[in-house]
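# This is the structure alone, sequence omitted:
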């Protein structure tokens with residue numbers, strides 16, 4: 001090929017190259033917010049201008065085609081997400097493919113509509129029986145500050161409060177079971193943008209420890225004064241909390257809720273043996289806890305006087321007998337008849353004689369009655385002596401009459 005021919009071809013190439021300017025990419029809007037639409041325009045010009053000239057445009061992202069060659073000089077992306085960020089370029093060529101030019105890469109950064117939410121919990125720490133407030137905090141892009149958001153709260157990845165416009169979730173009268181992992185999710189009303197917070201562990205702290213029931217003395221017998229104590233520990237910063245205590249035996253109420261953590265009773269094996277529990281609640285009734293069961297069996301025995309005294313006091317509480325109305329006092333004195341009755345009950349019920357047959361009971365009871373008569377006679381011995389002499393004189397007189405009649 002001659003030099004003239006080479007120069008001619010070079011001149012033709014230069015002329016063709018000069019027909020197109022190097023394209024540039026323009027992006028709208030600025031900035032591009034996630035969830036919105038993005039338009040890329042590939043700008044070039046013909047020299048000289050040719051209105052009827054046809055050009056083909058191809059768009060690339062990270063060197064890969066995102067829109068095939070076509071006559072449109074624009075590329076539109078709808079509902080863009082953060083992952084649509086990247087390096088974009090375009091290429092322009094004539095329909096015959098003789099002239100082709102490519103733009104420089106343009107970095108396009110999609111801006112987040114809202115920040116990743118975080119959970120804030122108040123108060124801190126959260127104490128059982130109180131109220132807890134969770135707030136889902138996020139920020140919108142200034143150019144979209146009027147965007148409506150919906151918030152959902154989760155506990156252990158299960159919905160705790162369904163989607164709504166409120167960014168607050170309140171829990172009233174929290175209990176230990178409310179402890180767990182909480183998170184929240186924020187989304188636009190059209191569902192295009194959604195963000196979820198990291199899980200936050202919330203531990204509800206005890207207001208007071210589970211109650212422990214103890215008995216004093218540890219080994220009780222008939223007639224002993226037994227004291228039950230219901231003990232717990234309050235949080236250091238809640239020492240002024242008012243607590244109420246109740247006591248139960250075999251599920252039945254012994255003492256309703258009062259401010260005293262003690263229950264006192266004179267132990268009688270037959271009446272007071274069983275399974276005991278106590279219960280503690282706050283004065284607001286928001287927190288209530290029960291102790292483990294405590295079995296109290298007790299031992300038979302003790303002085304007859306103590307046991308009988310206890311039985312008579314129990315009987316006095318159960319009826320309105322005026323003779324037993326003084327049983328609440330510490331110096332309660334039994335009448336003779338009451339003493340004999342109590343002593344008989346003690347021996348037959350509490351001292352191991354519960355299996356006596358009717359003849360043994362009659363004998364035992366008769367012995368008590370004879371003893372009572374002898375005691376009565378001794379106390380009234382002067383009158384008894386005169387009465388006995390009178391009886392003997394009368395008997396002798398009747399005997400003599402009888403003898404004379406026989407003779």
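Received the coordinates, thanks. What you see is a predicted model; the values in this text were computed from it and never measured.

# Residue 98: how many residues sit nearby?
Around residue 98 there are 12 other residues, counting by other CB atoms under 10 Å. Every C-beta, even on glycine, is put in place using the N, C-alpha and C of the backbone.

# contacting residues for the spatially closest residue to residue 231 that is not a sequence neighbour?
In space, and not counting its chain neighbours, residue 231 is closest to residue 212: 5.2 Å by CB to CB, 6 or more residues apart in numbering. Contacts for residue 212 (CB atoms under 8 Å, 6 or more residues apart in numbering) come out as 230-232, 291-292.

# how far away is residue 212 from residue 241?
Going from residue 212 to residue 241 by CB to CB, to the nearest Å gives 18 Å.

# residues touching residue 128, list them.
By CB under 8 Å, 6+ apart, the residues touching residue 128 are 174-176, 204-207, 287.

# Now that we have those, which of them are buried?
By neighbour count, with 16 or more other CB atoms under 10 Å, the contacts of residue 128 hold 174, 204, 206-207, 287 as buried.

# Show me these that map onto helices.
Judged by DSSP state H, the buried ones among the contacts of residue 128 include no members of helices.

# Output those in TSV, with pLDDT appended to each entry.
Formatted as TSV, these follow (pLDDT from 0 to 100):
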residue	pLDDT
174	97
204	96
206	95
207	95
287	96
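
# Out of those, which comes closest to residue 151?
residue 174 (20.1 Å; CB to CB).

# how close does the closest residue to the closest one other than its chain neighbours get to residue 169?
Leaving aside its sequence neighbours, residue 174 sits nearest to residue 132 (CB to CB, 6+ apart; 4.9 Å). Residue 132 is 9 Å from residue 169, where distance means CB to CB.

# okay, now the domains of this structure?
Here the chain is described, according to automatic domain parsing, as comprising the domains 3-111, 118-202, 213-296, 304-381.

# Comparing those by mean pLDDT, which bottoms out?
Of all these, the minimum mean pLDDT falls on domain 304-381 (a mean of 53).

# So which bits of whatever helix or strand residue 281 lives in are buried?
Here residue 281 is covered by strand 274-282, with elements defined by DSSP states H and E. For strand 274-282, the neighbour count (16+ other CB under 10 Å) marks 274, 276-282 as buried.

# What of stretch 72-80?
The neighbour-count check on stretch 72-80 (16+ other CB under 10 Å) flags 73, 75, 77, 80 as buried.

# cool, stretch 144-152 as well?
Residues of stretch 144-152 classed as buried by neighbour count (16+ other CB under 10 Å): 144, 147, 149-152.

# next one: stretch 191-200
Of the residues in stretch 191-200, 193, 195-197, 199 count as buried by neighbour count, 16+ other CB under 10 Å.

# Report the beta-bridge partner residues of residue 33.
Note on residue 33: beta-bridge partners by DSSP bridges are residue 111.

# An error on my part: the question was meant for residue 188.
Taking DSSP bridges as the rule, residue 188 bridges to residue 149.

# tell me the contacts of it?
Residue 188 makes contact with 35, 113, 147-150, 194, according to CB under 8 Å, 6+ apart.
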